[in-house]
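*Asks:* no FASTA, just this:
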């Protein structure tokens, strides 16, 4: 048997690629568990956290069936290929602006936090633009989104985390309510996600509350996973400079390298489902109402799926790992996240070839679900581009002292 029932107070634990993929695509295993989850956070949760339960239960993340299909159809065009292709010039501008500011203030040997400089602000600016919001400029809104991530990232969240998530969600909803009320000239052309939702609302396919909830949750979801992915990519390349050498200057290889980072160090470690009915998967008989935890990070290193899975190899070329999910609830913004990562590291390869770690260790975020650096100190060699051009050879991204 490939399953065990010893995790998280008796929940079933799926760990192989085959079993996790089966769980993620099986409609008999439901994501609609917001109410039970919130109620379990404390003795007073049922009375105090009705608002949070209502918000989560109406968001794309925790809906099922017809409602989920309807919301996904309304949101998908805003983060589809056409929309993100139009976003590329803005994304390139954001990256170059950050690098320009870094180079203007840099001194030889000075370090900076990659997460603060690039990984956090870039996806936040992007999703804010798609939602027609200035959230990336407002610390209280970023903190609100992070409080939701903290709650969702806890296997058994406490009442304080649940209260903070509720306050954060309410704050984000109010932010979008005020923003829509003040937009007398209509939705900005670049705000493709918001425009799609507004159009659906005007056609009575989406209620006003549903619209605001999707905006609030898209803001949270649109940068939490991506910032972790960006940090994980840099960390992987710093630890494997020879692998980075095979990618630098070869943009056609960059997407495959990023997929390998997703496999090797998934930004989302696991997700959970609740059984709608009694069913059999992978040799396990799961009773109605039981919880199933799909261990994405473990599945991505399943030796039955990947040869030498502990090795980081950018030429692995074995398709999409399970890091963005699978099936009906696969991450709707996966292509957007990949584009952000590809463009950022293409520009880093061109403009910051001497990037290297400044210090021996990465400080990882303390969140069981989301995996990424909390802080990642790096430094650049000033004038590196000029020296590389004059010497005619690459300067690898590497760990200090290597």
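*Replies:* Thanks, I have the structure now. Keep in mind the model is a prediction, meaning the values are calculated, not measured. Numbers count the residues shown, from 1 in each chain.

*Asks:* and residue 79, what does it touch?
*Replies:* 130, 192, 193, 332, 333, 335, 336 (C-beta atoms under 8 Å, 6 or more residues apart in numbering). In this view, the C-beta of every residue, glycine as well, is placed from N, C-alpha and C.

*Asks:* what about the fourth one, which SS state?
*Replies:* I take that to be residue 332. Classification of residue 332 using DSSP: H, G, I helix; E, B strand; the rest coil returns coil.

*Asks:* so how far is residue 325 from it?
*Replies:* As judged by C-beta to C-beta, to the nearest Å, residue 332 and residue 325 stand 10 Å apart.

*Asks:* equivalent analysis for the last one, please.
*Replies:* With distances taken as C-beta to C-beta, residue 336 is found 15 Å from residue 325.

*Asks:* more neighbours, those two?
*Replies:* residue 336 (25 against 20; other C-beta atoms under 10 Å).

*Asks:* which residues touch the more buried one?
*Replies:* Counting by C-beta under 8 Å, 6+ apart, residue 336 makes contact with 79, 84, 87, 126, 222, 226.

*Asks:* do residue 246 as well
*Replies:* Residue 246 touches 253, 314, 315, counting by C-beta under 8 Å, 6+ apart.

*Asks:* equivalent analysis for residue 247, please.
*Replies:* Taking C-beta under 8 Å, 6+ apart, one finds 237, 253, 254, 257, 314, 345, 349 in contact with residue 247.

*Asks:* verify the contact between the last one and residue 248 for me.
*Replies:* Yes - in this structure residue 349 lies within contact range of residue 248 using C-beta atoms under 8 Å: 4.6 Å.

*Asks:* about what we covered before: most neighbours out of the contacts of residue 246, which is it?
*Replies:* residue 314 leads the contacts of residue 246 on contacts (other C-beta under 10 Å) with 24 neighbours.

*Asks:* look at that one and report its pLDDT.
*Replies:* Residue-level confidence at residue 314 comes out at 94, pLDDT.

*Asks:* relative to residue 260, how far out is it?
*Replies:* The gap separating residue 314 from residue 260 is 5 Å, by C-beta to C-beta.

*Asks:* for residue 12, what are phi and psi?
*Replies:* Per-residue torsions, residue 12: phi -70, psi 140 (degrees, to the nearest 10).

*Asks:* beta partners of it?
*Replies:* residue 292 (DSSP bridges).

*Asks:* ok so, going back, strands - which of the contacts of residue 247 land there?
*Replies:* Among the contacts of residue 247, none falls in strands (DSSP state E).

*Asks:* count the residues that sit near the residue lying closest to residue 76 once chain neighbours are set aside.
*Replies:* Spatial nearest neighbour of residue 76, chain neighbours left out: residue 332 (6.1 Å); criterion: C-beta to C-beta, 6 or more residues apart in numbering. Neighbour count for residue 332, taken as other C-beta under 10 Å: 22.

*Asks:* you'd agree residue 332 is up against residue 72?
*Replies:* Yes - using C-beta under 8 Å, residue 332 is in contact with residue 72, at 6.4 Å.

*Asks:* can you lay out the contacts of residue 246 as JSON lines showing distance to residue 49?
*Replies:* Putting the contacts of residue 246 into JSON lines (distance: C-beta to C-beta, whole Å) gives the following:
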{"residue": "253", "distance to residue 49": "47"}
{"residue": "314", "distance to residue 49": "44"}
{"residue": "315", "distance to residue 49": "48"}
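
*Asks:* please flag which of those sit within helices.
*Replies:* Applying DSSP state H to the contacts of residue 246, no entry is found in helices.

*Asks:* make a PyMOL selection of the buried ones in the contacts of residue 79.
*Replies:* A single PyMOL command is used to select the members of those judged buried by 16 or more other C-beta atoms under 10 Å:
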select buried, resi 130+192+193+332+333+336
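
*Asks:* in the lengthiest helix in the chain, what counts as buried?
*Replies:* Secondary structure of the chain per DSSP H: the longest helix is helix 208-239. If you call a residue buried by 16+ other C-beta under 10 Å, then helix 208-239 has these buried ones: 210-239.

*Asks:* any regions of the chain where pLDDT drops low?
*Replies:* For the chain, the stretches with pLDDT under 70 are 1-9, 106-109, 184-185, 360-361, 381-402.

*Asks:* what are the ranges of the strands in it?
*Replies:* Going by DSSP E, the chain shows strands at 3-7, 11-14, 29-30, 111-113, 270-275, 279-281, 284-286, 291-295, 356-357, 363-364, 373-375, 377-379.

*Asks:* before I go, just wanted to say thanks for your time.
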